Each structure stands twice: as structure tokens, then as C-alpha cells.
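# Here is a sequence with its predicted model. Questions after.
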Amino acid sequence: MRIPFQNEPFTPFNDAGNNRDYDAALQEVRSKLGRHYPLVIGGERIETDRKEGSINPARIKETVGIVSQADVGLAEKAIQAAAAAFESWRYVAPEERARYLYRAAAIMRRRKHEFSAWMTLEAGKTRTEADADTAEAIDFMEFYAREMQRLALPQPLTALRDEENELSYIPLGVGVVIPPWNFPLAITTGMTTAAIVAGNTVVLKPASPTPVIAAKLVELLEEAGLPPGVVNYLPGPGSEIGDVLVDHPLTRYVSFTGSREVGLRINERAAVTQPGQKWIKRVIAEMGGKDAIVVDSDADLELAAESITAAAFGFSGQKCSACSRAIVHEAVYDTVLQKVIERTQRLVMDDPALASASLGPVIDEKAYARIQAYIEAGKTEGRLIAGGGTGSAEGYFIEPTIFADVDSSARISQEEIFGPVVAFTKAGSFEEAVALANATDYGLTGAVISHNRSHLELARREFFAGNLYFNRKCTGALVGAHPFGGFNMSGTDSKAGSRDYLQLFMQAKLVSERY
């Protein structure tokens, strides 16, 4: 009998020994930089002539790995390999499928710092951010394994006198998993293992900036004994192979986490029935946010400032749950703003491999240019009071940036920047603050800092976000405790890490026998 699910503990890096262990893991991973990573299709490793280098965003001259790139023909091969594997994998007992996840989680737990170190070097995550990412990946596998075992039990039905009725959950089929680069291990692991433990097979198209971490996950699943073809590793340009994978008549579902623009395109294309297609494709999408922390007039102002700073600038604001808007009651606006400035000035922007770093670089040159363009726009929309510049030319470093007195209709208040930029807006009342928080196309996360019970209850009813937090920051969702997913243009509210999530990858079958 397995113990009930428990979240994987985070590593306390205030312990010198843990920092030494992490430094050793970084050294070990650095010794493996520059290796080649082939495609994996049906268990076969395929090197292609076309390759792309994955770089360290903190040291752009450092190559993390050389990754083969798929073309249209190899995308077809991957779909066919997944379809062939599905014919046997679908009949593997749910308990057995769960055991693959338990074994993979155990291996990852033993090599936690190694996986985290890869994220420090390929994604630019500080050790605390990387450690949390790895812990979440372990959580997803442990949680979804238990959930599959629960869903495999007899499901409650109304009993009839002369019939035996049975409801069971069966897998959908071949799916395409398209994860993001910002949680390159946790979300990739969660999306992939949820699909396979439910009995499906997967074509995994990793995010272009972080393909090596995805390759390490595939290696881990192979080490855990997963049969060939159940997960197929297919890096390649989305512009070339993305539509092929989504449009394919054998594709039964698409699981996507990423930008609003790409998510909407996937949803539109998946809705078109292709020749030979026998089903309505299912799309599971998480597409970002424009998240606000609301601060009431009687709030704990230290907590408010700490929550805004941590949620705005953790991982350089590159989280869909990040606080990119601070909406503060006018009675405490100046005080909260000053406290956030003071905390921001204490942050250390540096190579995330260093234990002293509070935040590292943004992910790549494209993000670097886009965020700087938003900062320039922000100078015309608000008052720049902190940051706005760049850091070492060795990487894609952008200072944590604060704009004050920003109108809620401004671009930097409406568009997802996905960088270390927060816009402060003043509200004349708590009711106005909630209305301003809702004045966006998104609805992913939000937070309210207040001691006023009636105001918290008002926000409980009216603040429109899939994940709403009171008296804490709006980032840091835990598997099992905080089912994650949002409303409106934030996606399909899939609630990753919940008791509902696996059913998105399955369909219910009822068998009734009359005696």
C-alpha cells in the first residue's frame, strides 16, 4: 500500500552542504555540455543533417547541446510509431502504467540536483527555481500515478436489479505534447506522463530553447523501462512540423502550454476534420496570463511588498502566473511602491549558476528584444522608477523593472510581457481594484492582500481567475494543493495537478449486461 501523496520537499539552500552538492552537480553537467541529441522515434535514435545548438542564456557563447531537427517526413514517422505503440500500450493495466511513473519519480529524486543543474544551464534558472521545478516534476509523476490507480477502481453507478453496469476510463490514442520552455522539466513531465499513464502514446515536441532537458526526461523514461514508441522525442521548428502534428488524422489530442497566439492557432487547426479522421480532436491548452496582486488599504504592507517582488521577478518574470500588475489602494500606494523598490534593489542579477544570484537572464535573444521593446513602451505609459536597463553582455540579462502610475488600459497593463516588468496602478477603492484586476483578456492567477474579511469574500466571488490566492503571492502552485489553469484567454482551465486532469486524456466507456 502506497502512502498518500505528499509534495516533494524543496532543498534548503541556506545550508552550505546543499550548495556544495549543487555546485558538484553543475560541474558534472558542465562536463557533458556540447553533446549531440538525436530524435527518438519508436525507440530508434535518428541523427539528422540539420541540427540546432541549445545555448546557455547566461553565457551565450556556451553550447549546452547539439540537437537534431525533425522534418515533415520524420513527423509522420513519429505519429505512425506512436500509433503502432498504442495498439499494445492501451491494454497495459493501469496499475502497471502507474509503476513506470513511480520508478521514474524515484530515479529523478535520486538525481534531483543533476536535473536541476541542466535547467540552470539551459533555461537560466537559479538553483532555488530549478529545484522547485524538479520537485514539481516528481510531484506530477507521483500524483498522476496514484490518480490512475484511483480511476481504475470500480466507478460508482446506480444499481439496477437485473443488470450489471460497469463504467471504465479508456485512453484516447495518439497525442501531441507541446510543452513550454519556462518549466522545461516540470510541465514537460506533467503533460507527458499524464498522457501515458492514462494509456495514450505521445509525440513530444520540446520547446526550442530547452530541448536538452526534454531529451533528459526521455532518457529517464527509457531507464524506467517505458516501452519504445510510447513517447517519441521530436525536436524541430514549429513553423515546419507543428501544423503537421496538429493536423494529422491520427492525432487524437493536443496538449499545449505556451503563448496565446500559438494556442489559438492550435485550437483552430485542431477543429478542422481531416480526411480519414474519426474523432473530434481534444485540445488541452494553457496560454498565459496578465496576473494582478491587489493590495487593500488595511493589508499587511510588508507581506504585500514581499509578495509582489517575489511574484514579479522570480525567474525574471518568465512565468504565466507572474505578477505583472500591482493594483494598490490609494491610501497605501506610495508606501507599498517604496517597499517594493527597496526589495527590488536588493535583488542580485547574475549568472544563475552562482548561489548568490536572485535572478538570471531571460531565455533568448527574441525575448531579450521583445522585453526591451515593452520597457520602451512603458516609458510613455508610466513612470519608470526602477530598472529598465540590461546587465552583463555575456547573457540576456534585463534588470527587474518597475513602472508606477500606469493606466489599466496601457499596453504594459494588458499584454503579456513575460519578463521582469511590473506595472503599478492606483485604485480609489477595493471594488475598483478588483474591477481593474478583471479588466484583461486573461484569467489565470491573482492575489489579494487584505485583512478585511468582507473584501476577501467579495474577491472570492468576483475576482475572475482560475487560481486566486489570499495573503500570499500569485506564483508557486503546488501539485495536488493548487490545481492549476485559468479562464478566458488563459486557456481551457485544464487544472494540471488535480483530480480532474487525467480524465482530459481519457473517455468513459459504459458496459451494461442484462441477466
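On my side now, so go ahead. Numbering: from 1, shown residues only.
# can you map out the strands along the stretch 1-150 of the chain?
Along the stretch 1-150 of the chain, the segments classed as strands by DSSP state E, counting those that start in this stretch run 35-37, 39-41, 44-46, 51-56, 59-68.
# scratch that, the stretch 301-450 of the chain is what I was asking about
With DSSP E, counting those that start in this stretch as the criterion, the stretch 301-450 of the chain has strands spanning 323-329, 383-386, 401-404, 421-427, 442-443, 445-449.
# any chance of the ones you listed in CSV, plus mean neighbour count?
C-beta: built from backbone N, CA, C; applies to glycine. Conversion of the strands of the stretch 301-450 of the chain to CSV gives the following (neighbours: other CB atoms under 10 Å):
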stretch, mean neighbour count
strand 323-329, 28
strand 383-386, 16
strand 401-404, 26
strand 421-427, 25
strand 442-443, 26
strand 445-449, 30
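# And those strands: which comes nearest residue 237?
Distance to residue 237, taken as CB to CB, is lowest for strand 442-443 among the strands of the stretch 301-450 of the chain, at 27.3 Å.
# returning to that earlier point: now tabulate the strands of the stretch 301-450 of the chain in TSV and tack on mean pLDDT and distance to residue 154.
Below are the strands of the stretch 301-450 of the chain laid out as TSV (pLDDT from 0 to 100; distance: least, CB to CB, whole Å):
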stretch	mean pLDDT	distance to residue 154
strand 323-329	98	44
strand 383-386	98	58
strand 401-404	98	55
strand 421-427	98	50
strand 442-443	98	37
strand 445-449	98	37
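# Tell me who's in contact with the nearest residue to residue 98 once chain neighbours are set aside.
Closest residue in space to residue 98, ignoring its immediate chain neighbours: residue 145 at 3.9 Å, by CB to CB, 6 or more residues apart in numbering. Contacts for residue 145 (CB atoms under 8 Å, 6 or more residues apart in numbering) come out as 98, 99, 101, 102, 105, 197.
# next one: residue 336
By CB under 8 Å, 6+ apart, residue 336 lies in contact with 295, 301, 304, 305, 308, 326, 328.
# pLDDT wise, what is it at?
For residue 336, the model assigns a pLDDT of 98.
# Residue 1 too?
The score at residue 1 is 75. That number is its pLDDT.
# Check the burial of residue 110 by counting its neighbours.
9 (other CB atoms under 10 Å).
# I'd like the distance between it and residue 58.
27 Å (CB to CB, to the nearest Å).
# got it, and residue 200?
Distance of residue 200 to residue 58, given as CB to CB: 36 Å.
# Residue 79 too?
36 Å.
# so which of the strands of the stretch 301-450 of the chain comes closest to residue 168?
Counting by CB to CB, residue 168 lies closest to strand 442-443 out of those; the figure is 33.9 Å.
# What strands line up against the closest one, and which way round?
If you go by DSSP bridges, strand 442-443 pairs up with strand 487-488 (antiparallel).
# Can you name the element that comes right after the partner strand?
On the C-terminal side of strand 487-488, the closest following helix or strand by DSSP states H and E is strand 506-514.
# Which elements pack onto that next one?
strand 163-171 (3 or more CB pairs under 8 Å, 6 or more residues apart in numbering; DSSP states H and E).
# mind listing what the strand it packs on pairs with, with the direction of each?
strand 506-514 (antiparallel).
# Contacts made by the strand it pairs with with the rest, please.
Contacts of strand 506-514 (CB under 8 Å, 6+ apart): 151, 162-172, 198-199.
# what is the rounded mean pLDDT of it?
98.
# Over to stretch 367-378?
Averaged across stretch 367-378, the pLDDT comes to 98.
# Run through who's touching that stretch.
Identification of contacts with stretch 367-378 by CB under 8 Å, 6+ apart yields 318, 361-362, 384, 388, 390, 396, 398, 401, 403, 406, 410-412, 415, 417-421, 423.
# 10 Å instead, please
Contact partners of stretch 367-378, identified using CB atoms under 10 Å, 6 or more residues apart in numbering, comprise 57, 60, 181, 209, 316-318, 324, 361-362, 364, 381, 384, 387-390, 395-399, 401-403, 406, 410-413, 415-421, 423.
# Now do the contacts for the residue of the chain positioned farthest from its centre.
For the chain, the largest distance from the centre (CA atoms, centre = their mean) belongs to residue 515, which lies 49.6 Å off. Counting by CB under 10 Å, 6+ apart, residue 515 makes contact with 161, 162, 163, 164.
# Let me have these in JSON lines, adding pLDDT as columns.
Shown next, in JSON lines, are those (pLDDT from 0 to 100):
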{"residue": "161", "pLDDT": "93"}
{"residue": "162", "pLDDT": "93"}
{"residue": "163", "pLDDT": "96"}
{"residue": "164", "pLDDT": "96"}
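# any chance of those residues in a markdown table, plus distance to residue 462?
Shown next, in a markdown table, are the contacts of residue 515 (distance: CB to CB, whole Å):
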| residue | distance to residue 462 |
| --- | --- |
| 161 | 48 |
| 162 | 51 |
| 163 | 46 |
| 164 | 48 |
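# Buried ones among these?
The neighbour-count test (16 or more other CB atoms under 10 Å) marks none of the contacts of residue 515 as buried.
# and which of these is nearest to residue 66?
residue 164 (57.7 Å).
# what's the neighbour count on the closest residue to the closest one other than its chain neighbours?
Spatial nearest neighbour of residue 164, excluding adjacent residues (CB to CB, 6+ apart): residue 513 at 4.8 Å. Residue 513 has 9 neighbouring residues, counting by other CB under 10 Å.
# separation between residue 513 and residue 151?
Residue 513 is 22 Å from residue 151, by CB to CB.
# Ok, residue 54 next?
Distance, residue 54 to residue 151, by CB to CB: 37 Å.
# which of these two has more neighbours?
For residue 54 versus residue 151, neighbours defined as other CB under 10 Å are more numerous around residue 54 (26 against 18).
# tell me the contacts of the closest residue to the more buried one other than its chain neighbours?
Spatial nearest neighbour of residue 54, excluding adjacent residues (CB to CB, 6+ apart): residue 64 at 4.5 Å. For residue 64, the contacting residues are 29-30, 32-35, 37, 53-57, 118, 121-123, 209-213, by CB under 10 Å, 6+ apart.
# cool, and residue 8?
Residue 8 neighbours (CB under 10 Å, 6+ apart): 105, 108-109, 112, 131-132, 134-142, 478-479.
# Give me the neighbour count for residue 23.
There are 16 residues near residue 23, going by other CB under 10 Å.
# roughly how far apart are it and residue 29?
Per CB to CB, residue 23 is found 11 Å from residue 29.
# intersection of neighbour lists for these two?
Both residue 23 and residue 29 are in contact with 113, 117, 353, where contact means CB under 10 Å, 6+ apart.
# any idea which of the residues you listed has the most stuff around it?
Ranking these using other CB under 10 Å puts residue 117 first, with 27 neighbours.
# ok, and what's touching stretch 89-96?
Contacts of stretch 89-96 (CB under 10 Å, 6+ apart): 82, 97, 99-100, 145, 147-153, 168-173, 196-201, 226-227, 229-230.
# Just the buried ones from those residues?
Among the contacts of stretch 89-96, those classed as buried by 16+ other CB under 10 Å are 82, 97, 99-100, 145, 147-149, 151, 168-169, 171-173, 196-201, 226-227, 229-230.
# From those residues, which land in helices?
82, 97, 99, 100, 145, 147, 148, 149, 151, 196, 197 (DSSP state H).
# Pick out the most distant pair among the residues you listed.
Across those, no pair lies farther apart than 82 and 149, at 24.0 Å, counting by CB to CB.
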